[in-house]
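Asker: how would this look folded up:
(one chain, ligands or ions: 3)
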Amino acid sequence: MILVFGKTGQVATELQRQGHVTALGRDAADLSDPQACAAVIADLKPSVVINAAAYTAVDKAEEEEALAQRINAASPGAMAGACAHLDIPFLHVSTDYVFDGTGQRAWIETDPVAPQNAYGRTKLAGEEAIRASGARHIILRTAWVFSAHGANFVKTMLRLSETRDALSVVEDQVGGPTPAADIAATLLTLADAMCDGATGGTYHYAGEPHTSWAGFARAIFEQAGRDVTVTGIPSAEYPTPATRPLNSRLDCAKLATDFGITPADWQGGLSRVLKELTSETK
Ligand SMILES: NC(=O)C1=CN([C@@H]2O[C@H](COP(=O)(O)OP(=O)(O)OC[C@H]3O[C@@H](n4cnc5c(N)ncnc54)[C@H](OP(=O)(O)O)[C@@H]3O)[C@@H](O)[C@H]2O)C=CC1
Ligand SMILES: Cc1cn([C@H]2C[C@H](O)[C@@H](COP(=O)(O)OP(=O)(O)O[C@H]3O[C@@H](C)C(=O)[C@@H](O)[C@H]3O)O2)c(=O)[nH]c1=O
Ligand SMILES: [Mg+2]
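Answerer: Ligands and ions are numbered 1, 2, ... in the order given. Sure, this is the predicted structure:
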């Protein structure tokens, strides 16, 4: 049995579509309660666990860091501990926001981390708790996740285009938008490999080609056929409670070398997500 924490989120939804998984929502496992998360693993005795739940509200985390820390660090740590006890692999999703965003080069897995906001600090603490647990694990760092479900930048842009014909979007934050469907497929492949005895570790997986949020917005409006003018602005002109890293590029070569998994094609993924959204006549 593949046990998934998370049911309604972007990655959790795609995992349920693509894999034969048992997905636990907040009602079955609340990540603000680490002991309850560990107990459910001990109880169900799955063959592998994937954690696709997290506190992902980046700005709100600035005010709720203690809660975000329980959800993003204490609970994944407790889950990993329970997996170590059962001797089963644990797969977890982390973020580009563990990096400080300096430089232009794509980050490799061993680069120094230095999160710039509360969400990033809690996600980094989650990584550290998992590594300390003794569980055989994969920490898959990804970035800029989008899908037809849940809250994401694509859906925000489409919503804004209903009432606006011009938008200002930051152009100095650069990264790789990543379709949730590709993350789910990658996690399922990695879960198999881990069950077959792969060593695991920390890996980067994101979409290519790299672009800015402004570039991503332009691609969204172009593919969706919406006539919205996007003006690229520096981050300083779009103040938010949480500071975002400027350089979010993730180097995904290690995943290709060890597992033959290449970066996601976000432009193709965007086309599929837009089709799905139109077929739902949203
Ligand atoms: N979104 C992004 O751009 C990125 C995400 N990631 C990481 O990828 C992973 C998946 O993210 P994504 O699919 O986008 O997440 P979403 O924001 O789409 O969904 C978050 C999920 O976590 C659940 N959740 C939140 N709090 C709790 C709680 N206390 N107890 C139980 N469940 C809870 C939510 O359930 P509910 O519906 O009940 O609130 C929801 O299912 C996360 O680890 C995230 O940090 C990494 C990089 C980028
Ligand atoms: C709506 C809007 C946003 N922006 C900017 C703000 C921000 O810098 C950028 C993206 O906005 P978002 O709020 O979608 O970004 P954010 O919620 O920070 O997205 C992040 O979520 C977490 C969970 C991650 O792990 C990251 O990889 C990343 O995907 O666009 C504009 O410049 N103009 C706009 O009109
Ligand atoms: Mg957001």
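Asker: switch to C-alpha atoms for all contacts and neighbour counts from now on
Answerer: Will do.
Asker: count the neighbours of Ala39 for me.
Answerer: Counted with other CA atoms under 10 Å, the neighbours of Ala39 add up to 15.
Asker: list the contacts for the most centrally placed residue in the chain?
Answerer: Central residue of the chain (CA atoms, centre = their mean): Thr142, 5.0 Å from the mean position. Applying CA atoms under 8 Å, 6 or more residues apart in numbering to Thr142 gives the contacts 93-96, 178, 204-206, 250.
Asker: and it, bridged to which residues?
Answerer: For Thr142, the beta-bridge partners are Thr95 (DSSP bridges).
Asker: what's the pLDDT at it?
Answerer: At Thr142, the pLDDT value in this model is 98.
Asker: what about it, distance to ligand 2?
Answerer: Distance, Thr142 to ligand 2, using CA to the nearest ligand atom, to the nearest Å: 6 Å.
Asker: neighbour-wise, which of the contacts of Thr142 leads?
Answerer: So for the contacts of Thr142 (other CA under 10 Å), the most neighbours sit at Ala206, 31 neighbours.
Asker: picking up where we left off before, make CSV from the contacts of Thr142 and add distance to ligand 2 and pLDDT to it.
Answerer: What follows is the contacts of Thr142, written out as CSV (distance: CA to the nearest ligand atom, whole Å; pLDDT from 0 to 100):
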residue, distance to ligand 2, pLDDT
Val93, 9, 99
Ser94, 7, 99
Thr95, 5, 98
Asp96, 5, 98
Thr178, 9, 98
His204, 12, 99
Tyr205, 11, 99
Ala206, 9, 98
Leu250, 10, 98
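Asker: quick check: nearest residue in space to Pro133, chain neighbours excluded?
Answerer: Pro isn't right for residue 133; it's Ser. Gly81 (5.1 Å; CA to CA, 6 or more residues apart in numbering).
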